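Asks: Sequence and predicted structure below; questions after.
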Amino acid sequence: MKIAMIGHKRIPSREGGAEIVVEEISTRLASRGHTVHAYNRKGNYVYGSANKYRNIKEYKGVKIKQIPTIPKKGLDALVYSFFAVIRALFGSYDVIHFHAEGPGVMISIARLFGIRTVSTIHGLDWKTSKWGAFARKYLLFGEKTIAKKADEIIVLNSYNQKYFLDNYKRNTNFIPNGVNKPEKRKPSLITEKYGLQGRITFFFLEG
């Protein structure tokens, strides 16, 4: 399959939950032989403009598309998601996977051109107090668009699953975020520095 990811800030990144989800899904799909394009927002990284991933074109098999936007809170996501979906219309994708409620507004454009869509709800963003009145209305509009027009909806918790069923009579797919199993390592550093050999040790610190 050929899949586009739209709605995150950028990958690779640890700026937020959406970015981590997009990175994990995209790279895993690519490793299974699918063609995946991630539409990154073009601009400075939170971690600084010198970030080595700023202008990359590919990451772990995922093609990176840089989309310009306006560096202004409340407008950057709107402008980015519009230009991203317009560009994606010419990508011959089997599926466009939208992330978050704001970018979900653009599902209408994708559906108009017959492209199947998936939307992941990372949270009920319009309820967040950090947004102003206009932004909250726009996010709520995105939520309603997703509920009405997305082919499939993914939610991350049972509360949001019940919310969509109660408010929109819409069934969703409950797929909670997972974590990678930690790699177990022998405690070589603590052994070399303190001479500890796997026995129980108590540490006291007096201020």
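Replies: Ah, there it is.
Asks: Tell me, how many residues neighbour the closest residue to N157 other than its chain neighbours?
Replies: Ranked by CB to CB, 6 or more residues apart in numbering and with sequence neighbours excluded, the top spatial neighbour of N157 is P176, at 6.6 Å. Using the backbone N, CA and C atoms, a C-beta is placed for each residue, glycine as well. As a burial measure, P176 scores 9 neighbours (other CB atoms under 10 Å).
Asks: where exactly do the helices run in the chain?
Replies: Under the criterion DSSP state H, the chain contains helices at 17-31, 76-88, 107-112, 133-149, 158-168, 188-194.
Asks: returning to that earlier point: wouldn't the residue nearest to N157 be in contact with Y159 here?
Replies: No. Between P176 and Y159 no contact is recorded; they are 11.4 Å apart, counting by CB atoms under 8 Å.
Asks: per-residue pLDDT, A50?
Replies: As summarised for this prediction, A50 has a pLDDT of 44.
Asks: Ok, P187 next?
Replies: Per-residue confidence at P187 stands at 71 (pLDDT).
Asks: so where is this protein shaky, pLDDT-wise?
Replies: In the predicted model of the chain, residues 44-52, 198-204, 207 satisfy pLDDT under 70.
Asks: centroid residue for the protein?
Replies: For the chain, the residue whose C-alpha lies nearest the mean C-alpha position (CA atoms, centre = their mean) is A18; its distance is 2.7 Å.
Asks: who's the closest residue in space to E58 that isn't next to it in sequence bridged to?
Replies: Nearest residue to E58 in three dimensions, chain neighbours excluded: I64, at 6.1 Å (CB to CB, 6+ apart). The residues paired with I64 through beta bridges, assigned by DSSP bridges, are A38.
Asks: Contacts only, for I64.
Replies: I64 sits next to I11, H37, A38, N40, I56, K57, E58 when contact means CB atoms under 8 Å, 6 or more residues apart in numbering.
Asks: For E143, see how far away it is.
Replies: When CB to CB, to the nearest Å is applied, the distance between I64 and E143 equals 28 Å.
Asks: Ok, L112 next?
Replies: Counting by CB to CB, the gap between L112 and E143 amounts to 19 Å.
Asks: which residues are in contact with stretch 129-138?
Replies: For stretch 129-138, using CB under 8 Å, 6+ apart, the contacting residues are G74, L78, G102, V105, D125, W126, K127, T128, L139.
Asks: change it to 10 Å
Replies: Judged by CB atoms under 10 Å, 6 or more residues apart in numbering, the contacts made with stretch 129-138 from elsewhere in the structure are 73-75, 77-78, 101-102, 105, 125-128, 139.
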